[in-house]
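> show me the folded form of this:
(4 chains)
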2 protein chains.
Amino acid sequence: MSGTKLDQIDRKVLEILQTNAKITNAQLSKEIGLSPAPTLERVKKLETSGIIQSYHAQLNRERVGLGVTTFVQVTLVGHKKQVTESFVNAVREIPEIIECHHITGSGDFLLKVIARDISSYQVLMLEKINEIEEVASTQTMVILSTFKESKVLPIP
Amino acid sequence: MSGTKLDQIDRKVLEILQTNAKITNAQLSKEIGLSPAPTLERVKKLETSGIIQSYHAQLNRERVGLGVTTFVQVTLVGHKKQVTESFVNAVREIPEIIECHHITGSGDFLLKVIARDISSYQVLMLEKINEIEEVASTQTMVILSTFKESKVLPIP
DNA sequence: ACAGCCTCCAAATAAAATTCGGATATTGGT
DNA sequence: ACCAATATCCGAATTTTATTTGGAGGCTGT
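Numbering: from 1, shown residues only, chains lettered A, B, ... in the order given. Now for the predicted structure:
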């Protein structure tokens, strides 16, 4: 199966679909210089092979009433497997936590957290996140403004 | 114009489209309990009003050869407007930097950076990011694993 | 050179989005 | 409570788009 190797056309397809997932197959085929049939075939292959995982709508956070985004560095009470697992399970139950990464460096985890405003954020931290048993301490970085948020990976 | 207020059906539409942007209008209409015509009308209104900003394909980073993701805390050489502007302009030119946020707390900026592997990452830092004139120092957090990466905002 | 495989295209078909006219609700003013 | 204006809805026709099909090159390895 050739599903593993990407040629130049595949890369172009991926770049375009990362930028604009709603493009029609006909338009996509023009931009990559093929006819619609093989274009569709390539896209389907990228989807079924798992290179394209999913498609998502991106919302304007301000417009839906979510004005505050933060990164939170979390230190846990220990580093046993059990502690991490319980923490991660708790994190999964909190929809305001939209990312949770295990990281190197100071702190054990980095979260990305969304809230309506600062006071909602305070409540969220006090009543939900700092209430997680495994959390020893947290340090918040509030996003003042975002200068770049690219949805397009630089495919090597 | 009622384009500003979201009712319960709009929220459902937004949740579904954040989860799966490729759903057909017919299927979406079933899930929200309306017929296709008004369903489409709602989606179009959400798009033209700017609440839905865009649609993106999400790729499997490993599968496209991008195995390393990091967060980088950046401290600049000063805090004048000019310094920040030059820095941000430099950042925009580097495709491996996929996010750039101005934040509170220690450090001035937080970047999200993608690379093929650790050694590519090292080269990127040495030759591109630490070469930006306005950068005084950087501190990297390498993502060891990601436990949650939700594309669905909890709309209040 | 040729068998096997892959990629491509044009055209037919199937599916989906979009438009349209009009019925039914909702809202705001008196 | 009434009425007019507005917004929302539906079913069905129309247009656009996706998908399938059959077959024509072209590349690879022998």
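> quick check: beta-bridge partners of the most centrally placed residue in chain A?
Compute the mean C-alpha point of chain A, and by Cα atoms, centre = their mean the closest residue is A:Glu99, 6.5 Å away. With beta bridges defined as DSSP bridges, A:Glu99 has these partners: A:Lys112, B:Glu149.
> ok, the residue located most distally from the centre of chain A - contacts?
No residue in chain A has its C-alpha farther from the mean C-alpha position than A:Ser35, which lies at 32.7 Å (Cα atoms, centre = their mean). Counting by Cβ atoms under 8 Å, 6 or more residues apart in numbering or on different chains, A:Ser35 makes contact with A:Ser29. The way it works is simple: take the backbone N, C-alpha and C, and place the C-beta from them, glycine included.
> ok, back up a step: list the contacts of the residue nearest to the centre of chain A.
With the criterion set at Cβ under 8 Å, 6+ apart, A:Glu99 makes contact with A:110-112, B:146, B:148-150.
> and for A:Val83?
Applying Cβ under 8 Å, 6+ apart, we find A:Val83 in contact with A:76-77, A:134.
> outline the domain layout of chain A.
What automatic domain parsing lists as the domains of chain A is A:8-48, A:62-142.
> which helix or strand contains A:Thr140?
For A:Thr140, the enclosing helix or strand under DSSP states H and E is strand A:135-149.
> show residues contacting that strand.
A:68-77, A:87, A:107, A:118, A:125, A:129-130, B:88, B:91-92, B:97-105, B:107, B:110.
> restricted to buried residues, select those residues in PyMOL.
Buried members of the contacts of strand A:135-149 can be picked out in PyMOL with the line below, counting by 16 or more other Cβ atoms under 10 Å in any protein chain shown:
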select buried, (chain A and resi 68+69+70+71+72+73+74+76+87+107+125+129) or (chain B and resi 88+91+97+98+99+100+101+102+103+107+110)
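> in helices only, show me the contacts of strand A:135-149.
The helices in this structure, assigned by DSSP state H, contain A:87, A:118, B:88, B:91-92 from these.
> now distance to A:Leu40 and pLDDT too, for those, in CSV please.
Formatted as CSV, the ones in helices among the contacts of strand A:135-149 follow (distance: Cβ to Cβ, whole Å; pLDDT from 0 to 100):
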residue, distance to A:Leu40, pLDDT
A:Phe87, 43, 97
A:Ile118, 47, 97
B:Val88, 39, 97
B:Val91, 36, 98
B:Arg92, 33, 98
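> hmm, back to that, so which of the contacts of A:Glu99 reach DNA strand D?
When Cβ under 7 Å from any atom of the strand is applied, no member of the contacts of A:Glu99 is adjacent to DNA strand D.
> quick check, nearest of those to A:Val13?
Using Cβ to Cβ, B:Glu149 is the member of the contacts of A:Glu99 that sits closest to A:Val13, with 22.8 Å.
> tell me the pLDDT of the closest one.
B:Glu149 is assigned 98 on the pLDDT scale.
> closest to DNA strand C out of the contacts of A:Glu99?
Checking these against DNA strand C by Cβ to the nearest atom of the strand gives B:Ser150 as the nearest, at 23.9 Å.
> quick revisit: farthest-apart pair in the contacts of A:Glu99, please.
Pairwise over the contacts of A:Glu99, using Cβ to Cβ, the maximum falls at A:Leu110 and B:Ser150, 14.7 Å.
> low-confidence ranges, chain A, go.
A:1-4, A:107 (pLDDT under 70).
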